[in-house]
Structure formats: C-alpha cells, structure tokens
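**Student:** Here is the input, now give the coordinates:
(4 chains)
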Protein chains: 2
Amino acid sequence: MFTERFLRDKRGAVLDADERACLEQSIREIRTLPPRSTLVHAGDQLSQSTLLIEGFMSRYIDDRNGLRQLVAVHVPGDFVDLHAYPLKTLDHDVATMTAATVAIVPHRALDAILEDRPQLGRKLWFSTLIDAAIHRAWLFRLGRLDAVGRVAHFLCETNARLMSAGLSDGRRFALGLTQTDLSEICGLTNVHVNRVLRHLRENGLCVFRSSLVEILDPERLVARAQFDPAYLYIDPQPPRPSPFQVEA
Amino acid sequence: MFTERFLRDKRGAVLDADERACLEQSIREIRTLPPRSTLVHAGDQLSQSTLLIEGFMSRYIDDRNGLRQLVAVHVPGDFVDLHAYPLKTLDHDVATMTAATVAIVPHRALDAILEDRPQLGRKLWFSTLIDAAIHRAWLFRLGRLDAVGRVAHFLCETNARLMSAGLSDGRRFALGLTQTDLSEICGLTNVHVNRVLRHLRENGLCVFRSSLVEILDPERLVARAQFDPAYLYIDPQPPRPSPFQVEA
DNA sequence: GACCAAAACTAACCTATGTCATCACGTTTA
DNA sequence: TAAACGTGATGACATAGGTTAGTTTTGGTC
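**Tutor:** Below is the predicted model:
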C-alpha cells in the first residue's frame, strides 16, 4: 500500500478505502532515487507527479549567486509536486535530500479522477493547500523569528509532521539533513546555524545530529519557536483505530 | 462582469465564456468594505469565499507580541480565500488594506462546479496554486534578499500583477499601502523601510508614496530584486484581442 | 484655517547575524 | 597510507538592520 500515508490524519480529507484504492491504481511506477538528485528543474514541462514513499525531498529556488532558498521539505506521504498537475510547469526545482523511494502518478490518471470522483479531486486539491499553509508558516518563520526561533520552529514542524506519518515518537526522529541544509531552510548561514544548534543543545532544548534529532524539552522548544501546529491540519482525534486509543 | 479579471492572462487556465458565466452566476452577493477591516479570523468555520473586485486586501499571521507577518497581498481579480473551500478553516486572518469591493461565492456553488465542470474546477485549483507560487517567491525574498532587494522585489511583483489586471502601465500604479504595511510584508521595521525607500529614491530606481508608486528605472529595479516573473504564470502572449496587438 | 491623528522621516546607538579564516574529524578515493 | 573532501566547530571582526526617541509632514474634519 504505497499511498498509505497520504493525507493520513488530515482533518476533513482522509481518504476512504475506495478512494485509496483508486489512487493506488493511478501509480504507474515505483522508483528509488539516490540522495541529492534533482528530479525536476524549474520550467520543465511535466506530465506526471511524484508521491514520496520513503526518504526526504526538498523544493528550492536558486538565487543569482548560486545560493538556494528551500521552499519546502517533504516527508513520506507527501505528494511532492502534485501542484504540477494544474500548473504543468514549476517555478522551482525538486530534489531528493536523502535516498528516496517514490511513486510516479501520470497526470492522465489525475484527469480521470477529476472527471469521475470529484470528492477525491477535492482531497487532492486539499493536499496542495496544506503545502501552501506550510509555505505561510515558513514566511512567518523567516519574517518574524530570530535565528534560534527559526531553527526551533522548523524542528517542531518536522517533528509534528513525522509524528503524523508515524516516523517520530514525539521526542526522537531520523532526519538526514546537514547544517547547511538547515541554513538554506532558515535563511541563515551555516556558521550561524552551528551557533544556534549549540545554543539549543546547551540550553537543554534539543540535540541535532546530522541524522538524529532529539527533542529534550518539547514545551520550551515550542514556546521558543512560537509554534502552533494548527496550520498542519492534523486531526487531533485520528480516525485510525488503535487498541490503545481511549475515547475522550 | 465581476469576474472579469479572474485568471486573466494566466497561462493555460484562462476561462472560456461559458465558464466565466458559470462562475458569475455563483456569486451570491456584492459587498463593499471599509479599509482595514477584518473579514476572516484564523480558525473561523467558513462556508463562502471572497473574490476581490476592487481595492487591496491582505492575509497575515500574528505573532505572540502582536506583530504581524503578511503572507499575501491581493489585487483585483484575486480569489482571496478560495483555499477556504477545501480547507474550511484558515491558518491566518484575511482583511482589507484599502476600501474594497468583493463578490461572495458560497461553497455550495463550488461543489456544483466541481461536480459538473471538472475543467473549471481544475482552473479554480490552479488559481490557488498561483497563490502558493507567490508564497514561494516571498520565501525567496525573505530568505535570500537584503532589505533593498526585498522591497524592490515586492514592488516588481506588484507592478507585474497590476499590469496583468490592467491597473498599471508598467511605470506607475496606485497602491494604498503605508510604510508599515511594507515592513510587515518584507520582514523589516518601518524605520528601516523608510531608509530603504530613501535609497531607492536617491538612486533613481523608484519612488514610493503612500498611494502612488513610480518606477523610474525598471531594468535596474528588476536586477536589484533578482526578480523573475515566471512564478506568476502570466501568459506572454495574452489571448485577449487588441486592435494594436502585433503578432510576433 | 485650526486642529488632530496618522504617517513619514531622522539621528544616535546597539546587537544579531554575516564574513573570513582556520582547524578537527570521518569517510571516500587514489 | 595519504590525499581529498564534506561536515562540523570556533574565534575575530564587520555590518545590516533593529531600537528608541524623537520631529516634521500630511491629510482629514470641525
């Protein structure tokens, strides 16, 4: 079940079994990709989109001097460039950060979904709007937070998203990013990211190693980041049945 | 014709006469709004969306200290909170900047469009993705440009969008924003925006007065801003017939 | 045409972050 | 074995932009 994580726990847009099967059948191919490989260049004409199954991917815009600004980081379950379906050509590059497994969905199949299953179509639309909501949180991060707040905010966000994907227990998660990646996410230099990480470590908020993040004090980290997860549209009471889940 | 400017000149998503009529009939009400009035608060449950006909609107996120980060500025023709249709609740506020005229479209009507006219549905989706593309350009602006670059970039963008809406001749346009508005857009203080505007003026790039922007040297302004309008998805050869238009 | 509030503007000073240069460490390649 | 390289770490110094505290200008309104 490759689409298992897609829209999981998303408020008002969880797929029913039928819709999931339909999406699953739209997959043309499963592909594995090496780390740091570019899938899409800005301006390419596209006729398929990519659902991320495993690993981390990014989207970024290059500036004149070869520096880049990341505009999104994607975790398993994300439909990385679904927006290429209506747009046909993108304003940014898409690349893997770590090694990754992806599912390829041709736009033809999406045409059929839009024709035959408007409700599933609405949910696909929804998923691209969550990406936009995350863009807005990133704008807040870059526009209003200082360096420590920015890094803390990104780590809170990633923790929340990975929890929803079942890839973090809320305290520790694997993340294959370098300090330079973090600097391109947070609009800082890698030197300063290094200082910020030391600060977070020495103050007992969180430890970042290039493949494991450990959150030591979630409450203080959230406060420092002014992090409010509402923009992720994660259902507080996931409909997934669990033997340990207790009704409120 | 209230929807006249919606998706005008947009590459691959211009409405045909039939679609435009259909959208026009989805309007429930036309309303005029005073300047600086809030239409939607973050978290509100929404059952309608707002198409901006005249004036300027904004979307913003408040921080803990009451400071705000604007995440979007809307010009006439924008479907300001169409994303509330799939999302149902927003992660930010929506407000007018100037006095404004808007058209209200109930989500019920959009349900019908999605059911009966998947191609029009795809174009509505497209329009929300342009907003996302603009978010990404703003991320680039905040993450990679210095203060002068940020203000210059915003002015280039706004000029391009207003040209497409027929509200700028490419050199001069009305814009009812204060320097404090600019600072909330660009992640700066109003004091520093003032310094930046003086710089732009003294260097012959552009003059900003709180209601008229005059671009003195478009080429140098674009270069200073590293501005590339591709992300606006404006058709270079608008299909609108004009008696003065010459085929390339 | 006097009054008021909002916006624009300015100067003096401060600090967060960038810049540059260097070193240490671990892994891949020769 | 070492050479080359990517990543992380750190210190000295430079600067863009923030902060504070005003003054001036503008534009609406009585």
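**Student:** where does the one residue sitting closest to the centre of chain A land on pLDDT?
**Tutor:** Geometric centre of chain A, nearest residue: A:His74, 3.0 Å, by Cα atoms, centre = their mean. A:His74 is assigned 98 on the pLDDT scale.
**Student:** Show me what it is bridged to.
**Tutor:** A:Met57 (DSSP bridges).
**Student:** Looks like it contacts A:Val80 (just checking).
**Tutor:** Yes: in terms of Cβ atoms under 8 Å, A:His74 counts as a neighbour of A:Val80; the distance is 4.9 Å. Where C-beta positions appear, they are placed from N, C-alpha and C, glycine not excepted.
**Student:** how much space between the residue nearest to A:Arg136 when sequence neighbours are not counted and A:Leu200?
**Tutor:** Using Cβ to Cβ, 6 or more residues apart in numbering or on different chains and skipping residues adjacent in sequence, the residue nearest A:Arg136 is B:Val71, 4.3 Å away. Going from B:Val71 to A:Leu200 by Cβ to Cβ, to the nearest Å gives 26 Å.
**Student:** Which one of those two is surrounded by more residues?
**Tutor:** Using other Cβ atoms under 10 Å in any protein chain shown, the more surrounded residue of B:Val71 and A:Leu200 is B:Val71, with 27 against 23.
**Student:** So the more buried one: helix, strand or coil?
**Tutor:** In three-state terms, and counting by DSSP: H, G, I helix; E, B strand; the rest coil, B:Val71 is strand.
**Student:** what sits against it?
**Tutor:** A:135-136, A:139-140, B:59-61, B:92, B:135, B:138 (Cβ atoms under 8 Å, 6 or more residues apart in numbering or on different chains).
**Student:** ok, now A:Pro86?
**Tutor:** With Cβ under 8 Å, 6+ apart, A:Pro86 has these contacts: B:13, B:122-123, B:125-126, B:129.
**Student:** Can you tell me the element it falls in?
**Tutor:** Using DSSP states H and E, A:Pro86 falls within helix A:84-87.
**Student:** Correct me if wrong: A:Asp81 contacts A:Ser49.
**Tutor:** Yes: using Cβ under 8 Å, A:Asp81 makes contact with A:Ser49 at a distance of 5.1 Å.
**Student:** Do me a favour and get the end-to-end distance for stretch A:62-71?
**Tutor:** End-to-end distance of stretch A:62-71 (Cα to Cα, to the nearest Å): 10 Å.
**Student:** And stretch A:202-221, by the same measure?
**Tutor:** 13 Å.
**Student:** is that stretch anywhere near chain B?
**Tutor:** No: Stretch A:202-221 lies out of reach of chain B by Cβ under 8 Å from any Cβ of the partner chain, never closer than 14.3 Å.
**Student:** got the contact list for that stretch?
**Tutor:** Looking at what lies outside stretch A:202-221 - Cβ under 8 Å, 6+ apart - the contacts are A:152, A:155-156, A:158-159, A:170-179, A:182, A:197, A:200-201, A:224, A:227.
**Student:** among those, which ones are buried?
**Tutor:** A:152, A:155-156, A:158-159, A:173, A:175-177, A:179, A:182, A:197, A:200, A:224, A:227 (16 or more other Cβ atoms under 10 Å in any protein chain shown).
**Student:** Which members of these additionally contact DNA strand D?
**Tutor:** A:179, A:197 (Cβ under 7 Å from any atom of the strand).
**Student:** Of the buried ones among the contacts of stretch A:202-221, which belong to helices?
**Tutor:** A:152, A:155-156, A:158-159, A:179, A:182, A:197, A:200, A:224 (DSSP state H).
**Student:** Columns pLDDT and distance to DNA strand C on top of the residues you listed, output as TSV?
**Tutor:** TSV is the format used below for these (pLDDT from 0 to 100; distance: Cβ to the nearest atom of the strand, whole Å):
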residue	pLDDT	distance to DNA strand C
A:Ala152	98	12
A:Leu155	98	16
A:Cys156	98	17
A:Thr158	98	20
A:Asn159	98	21
A:Gln179	97	12
A:Leu182	97	11
A:Leu197	98	12
A:Leu200	97	12
A:Arg224	97	12
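**Student:** Format the residues you listed as TSV; extra columns: distance to A:Glu19.
**Tutor:** Shown next, in TSV, are these (distance: Cβ to Cβ, whole Å):
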residue	distance to A:Glu19
A:Ala152	36
A:Leu155	33
A:Cys156	31
A:Thr158	27
A:Asn159	28
A:Gln179	40
A:Leu182	36
A:Leu197	41
A:Leu200	41
A:Arg224	39
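**Student:** Now rank the contacts of B:Val71 by neighbours and give me the top one.
**Tutor:** In those, the most neighbours by other Cβ under 10 Å go to B:Trp138, 29 neighbours.
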